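[1] coords please:
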Amino acid sequence: MVVLQRSEVQRHRILFILALILSVTAIVNVFFNLIPAGVIGFLAVVTLLFCLYAIYGYPKRSQVLVFQTDEVMVLATNALHEGFKLRFLRDIFGDNMTALSDEDRAHWKPLEADGFYATLRVRNVRKLILVRLCTMIFDDVFVADASNRWEHHDSASTAEPTFSKREMPRLTSWKSST
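    Okay, here's the model as predicted:
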């Protein structure tokens, strides 16, 4: 597995789009001008297929929701394939991690309609430490406290966002009273 920096991932995306434009232009040129350039046309089609596959398989922004109650914080992520990030958090917090009970899973089940899955439950950890670690490994970190106040830390371009915004994620099935 290769882990790229966020700026490097953005450069790859730009290269994919430029290669896509170049290959479409070459295919149109070969097709309409009927130049006997079958090799160029074939390479353009192969490049087009690789670029489409790379853009289609491109990972979406990783988001995490942190719900804070009195002494427990629950993390919900938008991608189940982020296992290495969750294992990293589990290794750091160790004994402070507990498994979600069946009641907890039933309580957080409405989040699954929005694409978020409750994954970790953390006890006796300072919110600042947890949020700091989450901003280092996730693109968007949304934090909700017990009185349903939301903070959004956008760390897509830097691992150290300087400020947070008062906004919540787009959750259609989540009740604000929860």
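[2] domain parsing of this structure, as residue ranges.
    6-56, 63-154 (automatic domain parsing).
[3] those: lowest mean pLDDT?
    Ranked by mean pLDDT, the domains of the chain end with domain 6-56 at the bottom, a mean of 74.
[4] coming back round to it: buried deepest among the domains of the chain, which one?
    Stretch with highest mean neighbour count among those: domain 63-154 (a mean of 16; mean count of other Cβ atoms under 10 Å). For glycine as for every other residue, the C-beta is placed from the backbone atoms N, C-alpha and C.
[5] gap between the two ends of that domain?
    End-to-end distance of domain 63-154: 9 Å, with Cα to Cα, to the nearest Å as the criterion.
[6] and the host helix or strand of residue 151, what does it pack against?
    Under the criterion of DSSP states H and E, residue 151 resides in strand 150-154. Here strand 150-154 touches helix 127-137, strand 140-144, going by 3 or more Cβ pairs under 8 Å, 6 or more residues apart in numbering; DSSP states H and E.
[7] now the shortest one - C-alpha only, PDB.
    If I follow you right, that is strand 140-144. C-alpha atoms of strand 140-144 as PDB (Å, rounded to 0.1, in the frame of the first residue of the first chain):
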ATOM      1  CA  ASP A 140     -12.600  16.400   7.200                       C
ATOM      2  CA  VAL A 141     -13.200  16.200  10.900                       C
ATOM      3  CA  PHE A 142     -16.700  17.000  12.300                       C
ATOM      4  CA  VAL A 143     -17.100  17.200  16.100                       C
ATOM      5  CA  ALA A 144     -20.400  17.300  17.900                       C
END
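[8] no further queries at this time; thank you.
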